[in-house]
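Trainee: What follows is a protein structure lacking sequence information:
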């Protein structure tokens, strides 16, 4: 089944404790992206990747890191999480350029205490 | 600054009503406009509109892109309670997607 998977789905952590949210797609998509969704602010793009080893900042990259060592995986790293990073995070992928439709993962709900 | 604005923010209608959701955008390098439906989970794709495909229809849902006015509408006819959701508009540029904040639609029996 074609899908985007994320893990974990729910995470409660404390300020400053490094964490990684994994994202994997099995559709051989070139483009992958991370978003955060907050009430009243909608979905905002954190980082995106056009292909392996090619990543770039979106609108809200501060406090996040990503890597794209393999085509299928695009982990999101929070080196030192803070409470303002409490949010719902979505990973998404699309075949090539972002003008094509994106397929979203199920979301990761993160709470930073 | 690239931005996407949706209106209204929320809408409550009765089953059977017709609704129109609006999306306007100001972006550089417009490539596509997409509509998504989001219930209590990840957004699911509805339509994609581009310069070469400015009108789409699927069942009771239809959408039109107005490139001159830099806007799009999403119409839902004969609404059902299952249409209750947040409807998101996104605009794709050369590298990025920009989302609006969404329209929350509630359909009451």
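Mentor: Sure, I can see it. Please read these numbers as outputs of a predicted model, since none were measured by experiment.

Trainee: host element of the residue positioned nearest the centre of chain A?
Mentor: Centroid-nearest residue in chain A: residue A:34, 3.0 Å away (criterion: Cα atoms, centre = their mean). Per DSSP states H and E: residue A:34 is located in strand A:31-38.

Trainee: which residues touch that strand?
Mentor: A:23, A:25, A:43-51, A:58, A:60, A:64, A:66, A:68, A:74, A:76, A:85, A:87-98, A:100, A:102, A:107, B:97, B:99 (Cβ atoms under 8 Å, 6 or more residues apart in numbering or on different chains). For glycine as for every other residue, the C-beta is placed from the backbone atoms N, C-alpha and C.

Trainee: List the beta-bridge partners for the residue nearest to the centre of chain A.
Mentor: residue A:47, residue A:91 (DSSP bridges).

Trainee: and the gap between it and chain B?
Mentor: The spacing between residue A:34 and chain B, counted by Cβ to the nearest Cβ, to the nearest Å, is 11 Å.

Trainee: Please enumerate the strands of the chain.
Mentor: I'll assume chain A. A:4-7, A:10-13, A:19-25, A:31-38, A:42-51, A:54-57, A:65-66, A:76-78, A:87-94, A:103-104, A:108-112 (DSSP state E).

Trainee: if you could check chain B rather than the one you did, that'd help
Mentor: B:3-7, B:10-14, B:19-26, B:32-38, B:44-49, B:55-58, B:61-66, B:71-76, B:85-92, B:97-99, B:103-108.
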